[in-house]
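S.K.: any chance you could fold what I've pasted below:
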Amino acid sequence: MTAANASLFDQAEERLEQEEFFIKLEEKGDSITFLVESFTMQNGKYGSFPIVKGTTRTGEFVALAGGRSVLKARLTENPPARGDVLSVRYEGEITSEKTGNTYHGYKVVLMAGDGARPAAIDTADEAASATAADNGADSASDW
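M.R.: I've put the predicted structure just below:
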């Protein structure tokens with residue numbers, strides 16, 4: 001067995017001891033930044049949603065579920081890949097100036113880790129967030 005393989009075995013055994021940590025961004029300003037290990041779509045009560053798993057700068061294993069419509073849209077429009085760095089901040093409940101609907105806003109920054117595709121920077125702009133909210137998704141009172 002090579003040293004690299006032994007390290008993978010050690011990491012796998014460490015993960016068995018660690019509970020999977022789903023991040024909840026609930027308060028305005030809550031944020032997380034991590035190195036992406038996987039991106040999957042899961043089926044849930046209200047349809048499919050993305051789950052992104054990875055490791056923080058301090059080595060903590062984390063998982064982020066994109067169940068709210070605006071975050072789901074941001075994560076699925078340009079899905080993160082293994083090796084990317086993903087940073088997400090909850091912007092709080094926002095009221096659309098155009099429609100008056102309330103939605104949960106997010107700022108998402110995705111830095112491509114392999115250089116094979118450009119990094120995407122997605123801000124919590126009114127137009128994109130309002131479109132998701134106006135499509136019947138995720139008013140703040142629903143969550």
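
S.K.: assess the claim that residue 93 and residue 103 are in contact.
M.R.: Yes. If you go by C-beta atoms under 8 Å, residue 93 and residue 103 touch, sitting 7.3 Å apart. C-beta coordinates here come from the backbone N, C-alpha and C atoms, glycine included.

S.K.: neighbour count: those two, which is higher?
M.R.: residue 103 (26 against 14; other C-beta atoms under 10 Å).

S.K.: tell me the pLDDT at the more buried one?
M.R.: We have a pLDDT of 93 for residue 103.

S.K.: just list whatever residues bridge to it.
M.R.: residue 94, residue 139 (DSSP bridges).

S.K.: isn't it right up against residue 73?
M.R.: No. Using C-beta under 8 Å, residue 103 makes no contact with residue 73, being 10.6 Å away.

S.K.: where along the protein do the helices fall?
M.R.: 3-17, 69-77, 126-134 (DSSP state H).

S.K.: looking at these, which one has the lowest mean pLDDT?
M.R.: helix 126-134 (a mean of 45).

S.K.: residue 83 versus the spatially most central residue of the chain, what's the distance?
M.R.: Centroid-nearest residue in the chain: residue 64, 5.0 Å away (criterion: C-alpha atoms, centre = their mean). Residue 64 sits 16 Å away from residue 83, going by C-beta to C-beta, to the nearest Å.
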